[in-house]
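Q: Task: produce atomic coordinates for the following.
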Amino acid sequence: MQYTYPTLALSINVLWELLKISGILLGAGFVLHHFSGFLRIKLSETFGQHAFNLIFAPGIMIHEISHAAMAFLFLHQIEDIKLFDWKAKDGSHGHVVSRPRSLPWFFKIWIKMGELFIGIAPLIVGPLICAVVFYFWIPGGKLFINNPRFVNFPNFSWGLIAWWYLVIAVFSQMELSDADLKGTWKGYLWIAFCTFGSALIYYKIRNF
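A: Purely as a prediction, here's the structure:
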């Protein structure tokens, strides 16, 4: 009994941190969903029905690449992928269809947890790609990331303009559709269960 309370405290703390991170990501997805919808309507009214998708096509492709990368990482079989379809009528303009692989039981937990990350992949991979491009290909980007002060921000260049375009394209497509969110709650529950179980095992071993 003497180890019950510290074990429970650690488990609850870890789960709370996980809940906060997930809440931030889902909140960001909610805000970006409405931002993207507003931008889509305004551009469509001004330049035509397909303007939004054509202007921000790189963002759509990165959105789908994000899902595919996470599906591969979490051992899902990718059955179909289309990075960009500007004529799509369902509003998706790209898709990735994947399913869990038939693997031995000890891979099942990893596969199940992956359902969360596959769903929210654009919120993770998109900003990561923008950060990598900024760090390695924008003159002065490495200095700014290592020492983030306004005076260290890169000077004007065509490369910087292209990077800003990439950022806007990526963030305009970071909205999460119903298909993206399908099954994410299962992945979250598996992560919560494994986190709680790992915390219990950690304390039991430490205090054995």
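
Q: quick one: the helices in this structure?
A: Using DSSP state H, the helices of the chain run over 4-47, 51-55, 57-73, 108-119, 121-137, 141-146, 158-172, 178-181, 184-206.

Q: so for stretch 195-208, what's the average pLDDT?
A: On average, the pLDDT along stretch 195-208 is 72.

Q: Now mean neighbour count and distance to residue 102 too, for the helices of the chain, in JSON lines please.
A: To be clear about C-beta, it is placed using only N, CA and C from the backbone, and glycine gets the same treatment. As requested, the helices of the chain are exported to JSON lines (neighbours: other CB atoms under 10 Å; distance: least, CB to CB, whole Å):
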{"stretch": "helix 4-47", "mean neighbour count": "13", "distance to residue 102": "28"}
{"stretch": "helix 51-55", "mean neighbour count": "18", "distance to residue 102": "36"}
{"stretch": "helix 57-73", "mean neighbour count": "21", "distance to residue 102": "15"}
{"stretch": "helix 108-119", "mean neighbour count": "20", "distance to residue 102": "10"}
{"stretch": "helix 121-137", "mean neighbour count": "17", "distance to residue 102": "23"}
{"stretch": "helix 141-146", "mean neighbour count": "15", "distance to residue 102": "42"}
{"stretch": "helix 158-172", "mean neighbour count": "17", "distance to residue 102": "34"}
{"stretch": "helix 178-181", "mean neighbour count": "14", "distance to residue 102": "23"}
{"stretch": "helix 184-206", "mean neighbour count": "15", "distance to residue 102": "18"}
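
Q: Residue 190: what's it in contact with?
A: 109, 112-113, 115-116 (CB atoms under 8 Å, 6 or more residues apart in numbering).

Q: If we use 7 Å, what do you get?
A: Residues in contact with residue 190 (CB atoms under 7 Å, 6 or more residues apart in numbering) are 109, 112-113.

Q: Any regions of the chain where pLDDT drops low?
A: In the predicted model of the chain, residues 1-11, 14, 87-92, 203, 207-208 satisfy pLDDT under 70.

Q: re earlier: quick one: which of the helices of the chain is nearest residue 94?
A: helix 57-73 (4.3 Å; CB to CB).

Q: now that closest one and helix 4-47, what's the angle there?
A: When axes from the mean of the first three to the mean of the last three CA atoms, to 10 degrees is applied, the directions of helix 57-73 and helix 4-47 differ by 150 degrees.

Q: What lies in contact with helix 57-73?
A: With CB under 7 Å, 6+ apart as the criterion, helix 57-73 contacts 53, 78, 81, 83-84, 93-96, 98, 114, 117-118, 121-122, 125-126, 129, 166, 169-170, 172-173.

Q: Kindly recompute the last result at 6 Å.
A: Helix 57-73 is contacted from outside by 78, 81, 83-84, 93-94, 96, 98, 117-118, 121-122, 125-126, 169-170, 172-173, using CB atoms under 6 Å, 6 or more residues apart in numbering.

Q: Pull the distance from it to the chain's centre.
A: Distance of helix 57-73 from its chain centroid, counting by CA atoms, centre = their mean, to the nearest Å, is 9 Å.
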